[in-house]
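> Just need the structure, nothing else, for what follows:
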Amino acid sequence: MTGTSELDIEHLRTWIGREDIGTEAVDPALVRRFRATFDDEPGNPVDGEVAPRLLHWCLAQPAVPSHSLGPDGHPARGGFLPPVPLPRRMWAGGRFAFIDELRVGDTMRRVSRVEDLSLKEGRTGTLCFVTVKHEIEAGGRTVLTEIQDIVYRGLDAGDAPKKVPPPAAEGRHRREIVPSAPLLFRYSALTFNGHRIHYDHPYVTKVEGYPGLVVHGPLQATQLYRYAAELGGRPPARFSFRGLSPLFDTAPYVLHADDGPNGTLELWTATAGGPVAMSAEAQW
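Presented below is the predicted three-dimensional model:
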């Protein structure tokens, strides 16, 4: 287990301010694949048509050679993101402000910047949080801004006492999702995500010690966002989400939603009898 004293925080914080820029065209074929993954009719997208929101997670992803991937399937550390020497890297949450729309035929430009890095002590030891700001542009206009929170942590200690969170509440609106292996594989492919916890069963169970394949945080966030848009009759202008506990392909999970304060919608994911896995809030 790595402690805070073993991490060179001053060195890691030199990554603050580092930027990465990526561009990619919003291709009709990608829109079709995205729609199909989420069980929409793929249709025949044409230039100028509004693209699905959160499609930007499928665009301008780092394309590093396979030999440059780390043992977990992520790009080796020390490039754009700091080389945090902790074995698990996960998406802790994020927040969006939508300003305009991506359209089929646009060339999307993503400007990413490391905004902050901090250390905390958790049940499994040191937690390192990295905050990244993404600005998504197309045709000279800002489409959305996104703040992404990434957490690095150690492996669970087998003899560490585990606090059992309470079961999630039932939402007024509910929809069951089956986290099939094809769904997880398709979403990994869409986002060019090589992280092995989402598709490599021997790795995720024998190396990382999870009971099954892990459901992507961005996949859950996209499902919750789309559910909010359906319930609200239009896409939310602001959306935030936070990962609280992992979901696995070992059981179906449910999208829950209920009215929140001041016209917001509160959403969460959970398995039957399980704790909240991801919480979210949508604002119009």
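
> Tell me the secondary structure of residue 227, please.
helix (DSSP: H, G, I helix; E, B strand; the rest coil).

> residue contacts, the closest residue to it other than its chain neighbours?
Using C-beta to C-beta, 6 or more residues apart in numbering and skipping the chain neighbours, the partner closest in space to residue 227 is residue 255 (4.9 Å). (C-beta placed from N, C-alpha, C; glycine too.) Neighbouring residues of residue 255 by C-beta atoms under 8 Å, 6 or more residues apart in numbering: 171, 173-177, 223-224, 227, 267, 269.

> partner residues bridging residue 255?
Residue 255 has these beta-bridge partners by DSSP bridges: residue 175, residue 269.

> Show the pLDDT at it.
We have a pLDDT of 98 for residue 255.

> how far away is it from residue 153?
Distance, residue 255 to residue 153, using C-beta to C-beta, to the nearest Å: 26 Å.

> are any of the contacts of residue 255 buried, and which?
Neighbour-count burial (16 or more other C-beta atoms under 10 Å) is assigned, among the contacts of residue 255, to 171, 173, 177, 223-224, 227, 267, 269.

> export the residues you listed to JSON lines and tack on distance to residue 144, secondary structure and pLDDT?
Formatted as JSON lines, the buried ones among the contacts of residue 255 follow (distance: C-beta to C-beta, whole Å; DSSP: H, G, I helix; E, B strand; the rest coil; pLDDT from 0 to 100):
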{"residue": "171", "distance to residue 144": "26", "secondary structure": "coil", "pLDDT": "97"}
{"residue": "173", "distance to residue 144": "25", "secondary structure": "strand", "pLDDT": "98"}
{"residue": "177", "distance to residue 144": "25", "secondary structure": "strand", "pLDDT": "98"}
{"residue": "223", "distance to residue 144": "18", "secondary structure": "helix", "pLDDT": "98"}
{"residue": "224", "distance to residue 144": "16", "secondary structure": "helix", "pLDDT": "98"}
{"residue": "227", "distance to residue 144": "19", "secondary structure": "helix", "pLDDT": "98"}
{"residue": "267", "distance to residue 144": "19", "secondary structure": "strand", "pLDDT": "98"}
{"residue": "269", "distance to residue 144": "22", "secondary structure": "strand", "pLDDT": "98"}
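
> Run through the strands of the chain in chain order.
19-25, 88-98, 107-122, 125-138, 141-153, 173-177, 238-243, 253-259, 265-271, 278-283 (DSSP state E).

> Tabulate those strands (a markdown table), appending distance to residue 198.
What follows is the strands of the chain, written out as a markdown table (distance: least, C-beta to C-beta, whole Å):
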| stretch | distance to residue 198 |
| --- | --- |
| strand 19-25 | 21 |
| strand 88-98 | 11 |
| strand 107-122 | 22 |
| strand 125-138 | 20 |
| strand 141-153 | 16 |
| strand 173-177 | 15 |
| strand 238-243 | 14 |
| strand 253-259 | 15 |
| strand 265-271 | 16 |
| strand 278-283 | 15 |
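
> Geometric centre of the protein: which residue is closest?
residue 218 (2.8 Å; C-alpha atoms, centre = their mean).

> mind listing what the residue nearest to that one when sequence neighbours are not counted touches?
Distances taken as C-beta to C-beta, 6+ apart place residue 57 nearest to residue 218, at 5.4 Å, with adjacent residues excluded. By C-beta under 8 Å, 6+ apart, the contact list for residue 57 reads 191, 218, 222.

> surely the first one meets residue 59?
No - under the contact definition of C-beta atoms under 8 Å, residue 191 does not touch residue 59, with a separation of 9.1 Å.

> Among these two, which residue is more densely surrounded?
Neighbours per residue (other C-beta atoms under 10 Å) separate residue 191 from residue 59, with residue 59 holding more: 24 against 18.

> mind checking how far the more buried one is from residue 30?
Distance of residue 59 to residue 30, given as C-beta to C-beta: 8 Å.
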